[in-house]
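>>> from the sequence below, what's the structure:
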Amino acid sequence: MAIRNSYAVFIDGINRTSKAVMPLKWADFLDERLDECYLSLRGIKRKNFPPLTPVEILLSNVLYWTAGEKGEETRRDPEKRTKRFLIADDNATESPLGTGLYDHELYLIEITKFSERVIVDTVTFTNDIGRNFTGNATPVTPEEN
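Next up, the predicted model:
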């Protein structure tokens, strides 16, 4: 049995798969934390990628196995998945110096972070039931001893 994993990386609509370094590392969190991904690129002519640049990663997983008396190879249809991220941080270094080629260590976050760019009024919630205590107030008379 053999498994072939592959992926394609598109940054701002440009295919950067040939410059991506394996392994691709990502985390799908099921709590309040943002999903994240670490992606390394080598030999890119671009000096940096600005924050919130869209990144799309197409993942594919194919399973092969040998079955039957004659040892025929069987292949299961590939499982495909698309992950969408935004660039949160780009740590780029020129390598080798003076060539104009850059190695990038990208930290990607899920696309819901994009909503923080939208400026809206602050939302507040008021509990009107909390004011009921004043409806049954009784006057207090002080006593002196």
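
>>> when you work out contacts or count neighbours from here on, use the C-alpha atoms and nothing else.
Will do.

>>> got the buried residues for stretch 24-37?
Neighbour-count burial for stretch 24-37 flags 34, 35, 36, 37 (criterion: 16 or more other Cα atoms under 10 Å).

>>> who's in contact with the helix or strand of the chain with the lowest mean pLDDT?
Of all helical and strand segments in the chain, the minimum by mean pLDDT, DSSP states H and E falls on strand 72-75, at a mean of 70. Identification of contacts with strand 72-75 by Cα atoms under 8 Å, 6 or more residues apart in numbering yields 62, 63, 64, 65, 66, 67.

>>> again, 7 Å this time
Contact with strand 72-75 is made by 63, 64, 65, 66, 67, as judged by Cα atoms under 7 Å, 6 or more residues apart in numbering.

>>> next one: stretch 46-53
12, 86, 87, 88, 89, 90, 92, 102, 114.

>>> how far away from the center of its chain is the longest strand along the chain?
In the chain, with assignment by DSSP state E, the single longest strand is strand 79-94. How far strand 79-94 lies from its chain's middle: 7 Å, per Cα atoms, centre = their mean, to the nearest Å.

>>> that strand: which residues count as buried?
Using 16+ other Cα under 10 Å as the test for burial, strand 79-94 gives 84, 85, 86, 87, 88, 89, 90, 92, 93, 94.

>>> state the mean pLDDT of that strand.
In this model, strand 79-94 has a mean pLDDT of 91.

>>> what are the phi and psi values at the nearest residue to residue 22 once chain neighbours are set aside?
Closest residue in space to residue 22, ignoring its immediate chain neighbours: residue 40 at 7.9 Å, by Cα to Cα, 6 or more residues apart in numbering. The phi/psi pair for residue 40 (degrees, to the nearest 10) reads phi -110, psi 130.

>>> much appreciated, bye for now.
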